[in-house]
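Novice: The sequence and its predicted three-dimensional model are supplied below.
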Amino acid sequence: MEPLLQQDIQLADSPEAIARCFAVMRELRPLLASVEEFVARVQEQQVEGFRLAFLEKEGEVVTVAGFRVQHMLASDLTLYVDDLVTGEAYRSQGNGKRMLDWLIAYAREHGCDTFSLDSGTQRREAHAFYFREDMRISSFHFMLSLK
């Protein structure tokens, strides 16, 4: 069951569609070295349930979201957003909101109890956007680099 909202938002299931998302995703994930690495990593994560959605305007990918639906002890079935980014030239035009609304509708259509995401502490503009969309900080995410 796929959401019928937002006809200009699609799931990137083919290597070609995934590759089209690279330039926008790289704005959020600059450590991605190449299109080939990006496609390989997305395909590896897709085996684990990861989905990649993109918003297109006039043939150009402007917003990208990576997400997964998963069960968690703390929140039962949740849609967790790994990545959400709008290309710099397309920000403050409603594109992020369109994607967020689509993701929330997808979560509802798939029976999710919650919707969640993490956002880097340096992304103040993103935080302001999430607060405007009635999202609230519910926890801190801690990480230890093992490399």
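Specialist: Looks like it came in fine.
Novice: can you pull out the helices in the protein?
Specialist: 15-20, 22-28, 35-46, 95-109, 124-132 (DSSP state H).
Novice: Please name whichever of those is nearest to residue 118.
Specialist: Closest of the helices of the chain to residue 118 is helix 124-132, at 10.6 Å (criterion: Cβ to Cβ). (C-beta placed from N, C-alpha, C; glycine too.)
Novice: Quick one: mean pLDDT for the closest one?
Specialist: Mean per-residue pLDDT for helix 124-132: 74.
Novice: what angle sits between that helix and helix 95-109?
Specialist: Angle between the axes of helix 124-132 and helix 95-109 is 50 degrees (criterion: axes from the mean of the first three to the mean of the last three Cα atoms, to 10 degrees).
Novice: what does helix 124-132 rub up against?
Specialist: Contact with helix 124-132 is made by 84, 91, 96, 97, 117, 119, 120, as judged by Cβ atoms under 8 Å, 6 or more residues apart in numbering.
Novice: isn't the third one right next to residue 86, touching?
Specialist: Spelled out, that is residue 96. Yes - if you go by Cβ atoms under 8 Å, residue 96 and residue 86 touch, sitting 4.7 Å apart.
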